[in-house]
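Q: Test case, fold it:
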Amino acid sequence: MDFEYSPRQKELVRRVSDFMDEHIYPAIPVYDEQQAHGERWKVLPIIEELKVKARATGLWNMFMPPHAGMPHVDDTFEFEGIQLTNLEYAPICELFGRISFASEVFNCSAPDTGNMEVLNRFGTLEQKERWLRPLMNGEIRSVFLMTEPLVASSDATNIECRIERDGDHYVLNGRKWWSSGVGDPRCQVGILMGKTNPSAAPHQQQSQILVPLDTPGVKVLRMLPVFGYDDAPHGHAEVLLEDVRVPAENLILGEGRGFEISQARLGPGRIHHCMRSIGTAEVALEKMCKRLMSRKAFGKYVSEQSVWEQRVAIARTDIEMNRLLCLKAADMMDKAGNKSARLEISMIKVSAPNMALRIIDDAIQAHGGGGVTSDFGLAKMYSSQRTLRIADGPDEVHNRTIARMEFAKYGDLQARIRAERESELLPVGSR
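A: Numbering: from 1, shown residues only. The predicted model follows:
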């Protein structure tokens, strides 16, 4: 196995690192200052300035995988950006995880990345021109409307939002929440998943449709805090749809294709989250080490206490293991497809956020009372990573997938056991 990054990866990692050193890290105080004053839900000038610089250097839309030969892709629409494989993009995504707003600077932030990939792979040329082009240019933002408050959305077949045909339109009725990005004033369109045919087979009832957010009947009920943080200016909302009428041509791919679209979308998104988690864990470990080496307790530096040596060693080991598993999953997705990499995607989706949470928790402990304040950014970091144990499928669902694939290795074992038991129960003369 070759663990060496390709020359192309090395060059892109260098360019992104240099850009972050030169432009993004120095912009953090400006970002914090602009966000601290005025409206919470607003466009920050510093982000727009950085986006112009990133696009000028060609570091733009790096998340989109090559689509040559992909079904449904219309090659008459030219997508602007560096098309990278999942494996090539992974170390770049890790760099983004070091700073909360870095992804947006390169036009690589969720949920726009997933929505753009859906539109690029499954959208009509008209849908691409209307929505993909401004998203691709970083002019607007978008939202993915899937999770619902009144059902267990970890099982997406539970979704109740209705998409009903009425002549040349579809009428939408339902309630969604954790609709990330709705608070941004630039958020103009959502991709909504709902039911078009409740009588169909469980995984053919759902469809996805484009919903302009200025359509009558779309109501943002409230912005949802995460452990007390509002995550402005991005944020997460509860959204009500009451008799929302959208043109029938807004449907993506066709009725009953919602799960098919979701599976194409969620695999790469999960890998992106996990690589960012690794970047976040690196930052937490860095903060922890610096704190331990700068504070004395009981006559010696805290870093010299054996318990902290053990914690730091475990943290480094866990980061390295999770990085390798994430790269393996990304490589399998590229070579064999998302479905074939389902086991690896599920494993890293469970492992990476939990790993990051353990390291952040130790970093909080190392900072003492300062760790639970906003002074060092660790509390907010923890809240964000804790959310990932639920987002894009909770741990329990991914562990279920892992376990069932493991049990499948012994698929005939139960049949053999039953046969043996039945044989033991037969009368002696009939054996």
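Q: mind checking the SS state of residue 47?
A: helix (DSSP: H, G, I helix; E, B strand; the rest coil).
Q: Surely it and residue 106 touch.
A: No. Using Cβ atoms under 8 Å as the test, residue 47 is too far from residue 106 to be in contact (11.0 Å). Yep, even glycine has a C-beta here, placed from its N, CA and C like the rest.
Q: Which one's more surrounded, these two?
A: The neighbour comparison of residue 47 against residue 106 (other Cβ atoms under 10 Å) goes to residue 106, with 27 against 18.
Q: for the more buried one, phi and psi?
A: Backbone torsions for residue 106, taken as degrees, to the nearest 10, come to phi -100, psi 10.
Q: ok, it to residue 62 distance?
A: As judged by Cβ to Cβ, to the nearest Å, residue 106 and residue 62 stand 6 Å apart.
Q: what's the answer for residue 391, then?
A: Distance, residue 391 to residue 62, using Cβ to Cβ: 22 Å.
Q: Show the residue spans covered by the strands in this structure.
A: For the chain, strands defined by DSSP state E occupy the ranges 141-145, 162-166, 169-180, 187-195, 206-212, 218-223, 236-247, 296-297, 300-301.
Q: Break down this structure into its helices, ranges please.
A: According to DSSP state H, the chain carries its helices in the segments 7-19, 25-36, 45-56, 86-96, 102-105, 112-122, 125-127, 133-136, 258-292, 306-336, 342-366, 378-387, 395-407, 413-425.
Q: What are the buried residues along the third one?
A: Spelled out, that is helix 45-56. Buried residues in helix 45-56, counted by 16 or more other Cβ atoms under 10 Å: 46, 47, 50, 51, 54, 55.
Q: In JSON lines: those, plus distance to residue 384.
A: Formatted as JSON lines, the buried residues of helix 45-56 follow (distance: Cβ to Cβ, whole Å):
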{"residue": "46", "distance to residue 384": "20"}
{"residue": "47", "distance to residue 384": "18"}
{"residue": "50", "distance to residue 384": "21"}
{"residue": "51", "distance to residue 384": "22"}
{"residue": "54", "distance to residue 384": "22"}
{"residue": "55", "distance to residue 384": "26"}
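Q: Looking at residue 391 and residue 62, which one has more neighbours?
A: Neighbour count, other Cβ under 10 Å: between residue 391 and residue 62, residue 62 has more, with 23 against 19.
Q: Once you drop chain neighbours, what's closest to that one?
A: residue 82 (4.9 Å; Cβ to Cβ, 6 or more residues apart in numbering).
Q: tally of neighbours for that neighbour?
A: 17.
Q: How much space separates it from residue 55?
A: 11 Å.
Q: cool, residue 308 as well?
A: 43 Å.
Q: repeat for residue 221
A: 35 Å.
Q: and if you look at residue 419?
A: 65 Å.
Q: Now do the contacts for residue 90.
A: 271, 275, 326, 327, 330 (Cβ atoms under 8 Å, 6 or more residues apart in numbering).
Q: Over to residue 358?
A: 315, 318.
Q: do residue 84 as well
A: Taking Cβ under 8 Å, 6+ apart as the test, what residue 84 contacts is 12, 62, 63, 64, 65, 66, 92.
Q: Of these, which is the most crowded?
A: Result: residue 63 is most packed of the contacts of residue 84 (other Cβ under 10 Å), 27 neighbours.
Q: right, and that one touches residue 268 too?
A: Yes. Counting by Cβ under 8 Å, residue 268 is a contact partner of residue 63 at 7.5 Å.
Q: what do these two both touch?
A: 113, 117.
Q: And for residue 350, the neighbour number?
A: Look at residue 350: counted by other Cβ under 10 Å, it has 21 neighbours.
Q: quick one: residue 312 and residue 146, what's the gap?
A: As judged by Cβ to Cβ, residue 312 and residue 146 stand 39 Å apart.
Q: Compare those two and say which is more crowded by neighbours.
A: Using other Cβ under 10 Å as the criterion, residue 312 and residue 146 rank with residue 146 on top: 25 against 18.
Q: Wait, the more buried one touches residue 194, no?
A: No. Judged on Cβ under 8 Å, residue 146 makes no contact with residue 194 at a distance of 9.0 Å.
Q: shared neighbours of those two, which are they?
A: residue 159.
Q: So what touches stretch 224-240?
A: Applying Cβ under 8 Å, 6+ apart, the external contacts of stretch 224-240 come out as 35, 40-44, 143, 145, 149, 175-184, 190, 218-223, 379-380, 382-384, 386-387.
Q: do the same with stretch 327-339
A: 3, 65, 85-87, 89-90, 263-264, 267-268, 271, 274, 340-341, 344-345, 347-348.
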